[in-house]
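**Student:** Provide a 3D model corresponding to the input given below.
(chains A, B, C and D)
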There are 2 protein chains.
Amino acid sequence: MQPEISDQIFYSFLTGGLCASSTSTTTTSLFSPFAIEDKVAEDKALASLRNHKEAERKRRERINFHLNKLRNLLSCNSKTDKATLLAKVVQRVKELKQQTLEITDETFPSETDEINVLNFEDCSNDDGRRIIFKVSFCCEDRADLLQDLMETLKYLQMETLFADMTTVGGRTRNVLVVAADKEHHGVQSVNFLQNALKSLLERSSKSVMMGHGGGGEERLKRRRALDHIIMV
Amino acid sequence: MQPEISDQIFYSFLTGGLCASSTSTTTTSLFSPFAIEDKVAEDKALASLRNHKEAERKRRERINFHLNKLRNLLSCNSKTDKATLLAKVVQRVKELKQQTLEITDETFPSETDEINVLNFEDCSNDDGRRIIFKVSFCCEDRADLLQDLMETLKYLQMETLFADMTTVGGRTRNVLVVAADKEHHGVQSVNFLQNALKSLLERSSKSVMMGHGGGGEERLKRRRALDHIIMV
DNA sequence: TAGAACACGTGACTC
DNA sequence: TGAGTCACGTGTTCT
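**Tutor:** Model (predicted):
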């Protein structure tokens, strides 16, 4: 191929070498005394233009390369247009950020006591025969907390489907997914659960008052140190 | 402002209305019988071109709008060029994906028993007076597992800095970060820990053999159902 | 000066 | 047709 020549023709055709510029000084005959100087200047300009064109092509290539990578990462059709793709990327990055934030937030114990009971009824794929609750609470850790919790759930005739217990620096966060038969339970069971957990937490703070008290700041320090370790 | 007029001038100057086309039929005098028809056609083409130009401007705006959003999300300088920005976005999306994957992988119990002990010595910010271990194991759940684990760690003179216990469908994954004094422990303590955990897991599988056996498939089904619930 | 990055208007293509 | 998108080459600006 001969891009050199065809490019030159293309340029002289487009850039006004035959139009606008022809009205000024470029129509110098080949016999003009300035012909050679002009030719040199023209070649230089042409070369510069060619470099410019090439650089721009490379730049476009670079951008499109990454755009295609993003298309693959989001498993987007190659027909998805750039703006839509980028909008989706923005959304995805936000989602992923939020997700990791939620996971850490939902896993690590907070410094204040919390109780949270959520009814999963509508999301349940259990043929609707059971009610699913998501229980989450946060309190001081104590030796027999787990046992108390299990007894409470047994008493309430609830089955534990999932349990996650995170303990750090004397505080614990427990997340449970429990199932309750609809024969014995309704939506109002949220209250039963909440009350049961309340008394559980009260017992926890009592045992702390009697036993190893204080040390809040020390805990915070540890927590931060651990954050570092865990995230490594 | 009067973009209409200036645009028209701009176009006729650039698009060859005064150059290439002038060599064909466009230099029709205003007195030509075709003047009006030509004028109409020209106006139409001009309007079309103007629409086109506007649409393209809007498109560029849309793309740049999302690019700027991404710049903010990655807290990138406004000077970061498009290609570099997109490269960073690709990297970030990959990282975040990997991160959430790791978190779920490290949290949920696997179907096979596992023991993993990692030495955090180099990462420890504990003035080097203590060795930090990250312990992770996965086995059948049983009532007294936690108690056994605590006794084991007490026996090994290790302090628990962090504990995460996830139980679902009869299987449990436990992640612990423990600290051991360098007076009593060295790097070889990894082996102590591993052996202690081994016997712990052996006791677990024994108790399962004697108690509620089997149900592996049922567990898997539950696990999947839970994945759904948890992610909602 | 040369090089990099950008916005622009345009021709070509698709639905 | 017309609206939408893309790649292209160019002019401009900053370094």
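**Student:** can you pull out the helices in chain A?
**Tutor:** Along chain A, the segments classed as helices by DSSP state H run A:3-14, A:35-73, A:82-107, A:145-155, A:189-210, A:216-231.
**Student:** now the ones you listed in JSON lines, with mean neighbour count and mean pLDDT?
**Tutor:** The way it works is simple: take the backbone N, C-alpha and C, and place the C-beta from them, glycine included. Output for the helices of chain A, formatted as JSON lines (neighbours: other CB atoms under 10 Å in any protein chain shown; pLDDT from 0 to 100):
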{"stretch": "helix A:3-14", "mean neighbour count": "12", "mean pLDDT": "31"}
{"stretch": "helix A:35-73", "mean neighbour count": "13", "mean pLDDT": "89"}
{"stretch": "helix A:82-107", "mean neighbour count": "15", "mean pLDDT": "91"}
{"stretch": "helix A:145-155", "mean neighbour count": "15", "mean pLDDT": "90"}
{"stretch": "helix A:189-210", "mean neighbour count": "15", "mean pLDDT": "82"}
{"stretch": "helix A:216-231", "mean neighbour count": "14", "mean pLDDT": "47"}
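**Student:** how about the ones you listed, which one is nearest residue B:145?
**Tutor:** helix A:145-155 (10.5 Å; CB to CB).
**Student:** ok, residues contacting the closest one?
**Tutor:** The contact list for helix A:145-155 (CB atoms under 8 Å, 6 or more residues apart in numbering or on different chains) reads A:139, A:159-160, A:165, A:172, A:174, A:176, A:178, A:196-197, A:200, A:203-204, B:146.
**Student:** pull the distance from that helix to the chain's centre.
**Tutor:** Its chain's C-alpha centre and that of helix A:145-155 lie 36 Å apart, by CA atoms, centre = their mean, to the nearest Å.
**Student:** and for stretch A:132-148?
**Tutor:** So, by CA atoms, centre = their mean, the centroid of stretch A:132-148 is 29 Å from its chain's centroid.
**Student:** just the buried positions in that stretch, please.
**Tutor:** A:132-142, A:145-146 (16 or more other CB atoms under 10 Å in any protein chain shown).
**Student:** just the contacts of helix A:145-155 now: which is nearest DNA strand D?
**Tutor:** Nearest to DNA strand D among the contacts of helix A:145-155: residue A:176, at 47.2 Å, using CB to the nearest atom of the strand.
**Student:** name the nearest residue to the closest one, sequence neighbours excluded.
**Tutor:** Take residue A:176 and drop its neighbours on the chain: the residue closest to it by CB to CB, 6 or more residues apart in numbering or on different chains is residue A:135, 4.4 Å away.
**Student:** who does the nearest residue to residue A:159 once chain neighbours are set aside bridge with?
**Tutor:** Nearest residue to residue A:159, sequence neighbours excluded (CB to CB, 6+ apart): residue A:179, at 4.7 Å. Taking DSSP bridges, one obtains residue A:132, residue A:159 as the residues bridged to residue A:179.
**Student:** my read: residue A:179 touches residue A:158, true?
**Tutor:** Yes: applying CB atoms under 8 Å, one finds residue A:179 in contact with residue A:158, separated by 6.6 Å.
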